[in-house]
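A.B. asks: Here's my sequence, what's the structure:
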Amino acid sequence: MSDTFVTVIALFLAAILMFIFPLMSMSDRTDDVSQLAVKTATTEFVDDIRSTGKITSDKYSKYVETIGTTGNSYNVDMEVKVLDENPGKKASQVETTKIGENVYYSVYTNQIMDALKTDEIYTLKEGDFITVSAKNTNTTLSQQLKNFFYTIMGDDTYTIAAEHGGVVTATGNK
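C.D. replies: Alright, predicted model coming up:
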C-alpha cells in the first residue's frame with residue numbers, strides 16, 4: 001500500500017516537472033515577446049507623433065492593430081500636455097524658454113479620440129508633450145498558471161505594458 005502511494009506521488013511530480021514547468025516557461029517567453037512588440041510599437045508611434053506633430057486616425061488604428069497582433073487586448077491611454085503660452089506677455093518677451101511664462105494643460109484619450117472621429121487628425125505644436133501607454137486587459141496563459149500555482153498575482157495586475165513619451169519637435173499641419 002505504501003509503495004502504491006509513493007508511486008502515485010512520484011508520477012504526479014514527474015508530470016509537473018515534464019509538462020507544467022516547461023509550459024510555464026514557454027508562456028513566460030510568449031509574454032516577453034509580446035512585451036517587446038508592444039514596447040517597440042509604442043515607441044515608434046510616439047516618435048512618429050513627435051516628429052510630425054500630429055495624430056491621425058490611420059496611424060492610431062495601425063498602432064492598435066499592431067499591438068493587437070500579440071493576441072492580447074490592450075487599454076491605450078494618451079495624454080497630450082499642450083503648451084499654452086501666456087497671451088499677456090510683452091512683445092519683447094517672446095522667448096518660450098522663459099520660466100513661469102508658459103503653462104501646460106492636459107488633453108486625455110477621450111478628447112483626442114473625439115477629435116479623431118470628427119477631423120481624423122489631432123494636431124500638436126512644437127513644445128507640447130505626448131505620452132502613450134498600453135496595458136494588457138486580458139489574462140495571459142502565464143498569468144493564469146502563476147495564479148494557479150503561486151497565487152501571487154491579483155486580478156487587476158497586468159504583465160504586458162509599455163509607455164513612451166516626449167516633446168513634440170514639429171508643429172503639425174492639417
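A.B. asks: next one: stretch 62-75 to chain centre, how far?
C.D. replies: Relative to its chain's centre, stretch 62-75 lies at 10 Å (C-alpha atoms, centre = their mean, to the nearest Å).
A.B. asks: spatially speaking, which residue is in the middle of this protein?
C.D. replies: The centroid of the chain falls nearest to residue 134 when counting by C-alpha atoms, centre = their mean (1.9 Å).
A.B. asks: Please verify my assumption that that one contacts residue 67.
C.D. replies: Yes - Residue 134 is in contact with residue 67 according to C-beta atoms under 8 Å; the separation is 5.8 Å. C-betas here are computed from N, CA, C, even on glycine.
A.B. asks: residue boundaries of the strands in the chain?
C.D. replies: Assigned by DSSP state E, the chain shows strands spanning 54-56, 74-85, 102-108, 121-123, 129-136, 161-167.
A.B. asks: Reformat the ones you listed as a markdown table; add distance to residue 115 and mean pLDDT.
C.D. replies: Below are the strands of the chain laid out as a markdown table (distance: least, C-beta to C-beta, whole Å; pLDDT from 0 to 100):
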| stretch | distance to residue 115 | mean pLDDT |
| --- | --- | --- |
| strand 54-56 | 8 | 92 |
| strand 74-85 | 10 | 90 |
| strand 102-108 | 9 | 85 |
| strand 121-123 | 5 | 91 |
| strand 129-136 | 14 | 94 |
| strand 161-167 | 19 | 92 |
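A.B. asks: What part of the chain, helix or strand, is modelled with the least confidence?
C.D. replies: helix 141-149 (a mean of 76; mean pLDDT, DSSP states H and E).
A.B. asks: packing partners for it?
C.D. replies: Here helix 141-149 touches helix 21-52, going by 3 or more C-beta pairs under 8 Å, 6 or more residues apart in numbering; DSSP states H and E.
A.B. asks: For the helix it packs on, name the packing helices and strands.
C.D. replies: helix 57-68, strand 129-136, helix 141-149, strand 161-167.
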